[in-house]
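Using only what follows, build the 3D model:
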Amino acid sequence: MIEKFLNDEQDPKTVEKVYLRLADLITTGEEILYIAVQKKPLVNILPDCIALTNKRVLFFTPANLGLSIKFVDFVWKDIIDVYTKEEIIGAIFSVKTTGGAEMGVDYLPKVQARKLYQYAQERKESEREARRLRDLEEKRAESGALQFETPAAATTFQQATHQIPVPESEPVFTQPAAHEEPTPTPKPDELTEKLKKLRMLFDNGLISQEEYNQKKLELLSDL
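Model prediction:
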């Protein structure tokens, strides 16, 4: 089970301890992506480790002379940046959270630090996309709520179509030709005026599309 985490010169015994600890920690749908092991110069007793999953970053530190392992974890949505710095001996990998916390491990083999950075960037990109989709859904939900909460617009529509009488235009006469009888301009159709007012309310955002369609059908049903 741990062989896939030993491709970059990780210490097998350390990886096995971390993997067994991870087995008790991972949640439903959580997958271990990579495990990196510190390699201190000269004496590499009780190294620190970093594990990446598709949900979080975990830092492991041996305790009680190696008999137990303490860990600190950060979920990806709380991580705003990841860093890697290569030095003469090994590299440093660290993360920074939205709350301002920073944590890292030094003396990592450079190849492992690069892999950590690569996986971390991929997860951060996935989290950004998920956050963008969540924001879009929230905006759509807010927009839908605003469309249904329009009592003022409904009142305005009722006033425009039922309470306020439609004024009749004065007849306009044109100078007739010698062979024509003067023809008065017909009065505006009341239904047409109501439909125009209804359209004006919709165009001005005072009523929703659903209200517009419903009121339009009510007016046309009177024909």
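
Can you spell out the domain ranges of the chain, please?
Taking automatic domain parsing as the reference, the chain has its domains at 3-139, 150-167+187-223.

most neighbours per residue, which of the ones you listed?
domain 3-139 (a mean of 15; mean count of other Cβ atoms under 10 Å). To be clear about C-beta, it is placed using only N, CA and C from the backbone, and glycine gets the same treatment.

For it, measure first residue to last.
45 Å (Cα to Cα, to the nearest Å).

Regarding the chain, what is its longest helix?
helix 110-148 (DSSP state H).

Any regions of the protein where pLDDT drops low?
Residue ranges of the chain with pLDDT under 70: 145-188, 222-223.

mind running it again at 50?
164, 185-186 (pLDDT under 50).

starting at the chain centroid, how far to stretch 38-55?
Distance, stretch centre to chain centre, for stretch 38-55: 34 Å (Cα atoms, centre = their mean, to the nearest Å).

Can you give me the end-to-end span of it?
Stretch 38-55 stretches 22 Å from its first residue to its last (Cα to Cα).

Need the residues that contact that stretch.
9, 11, 14-15, 18, 22, 26-27, 29-37, 57-62, 65-66, 75-76, 89-90, 93, 105-109, 116, 119-120, 123 (Cβ atoms under 8 Å, 6 or more residues apart in numbering).

right, and residue 60 touches residue 15 too?
No - between residue 60 and residue 15 there is no contact under Cβ atoms under 8 Å: 10.5 Å.

the helices in the protein, which residues?
Using DSSP H, the helices of the chain run over 12-25, 110-148, 151-158, 190-203, 209-220.

Nice, that's everything, thank you.
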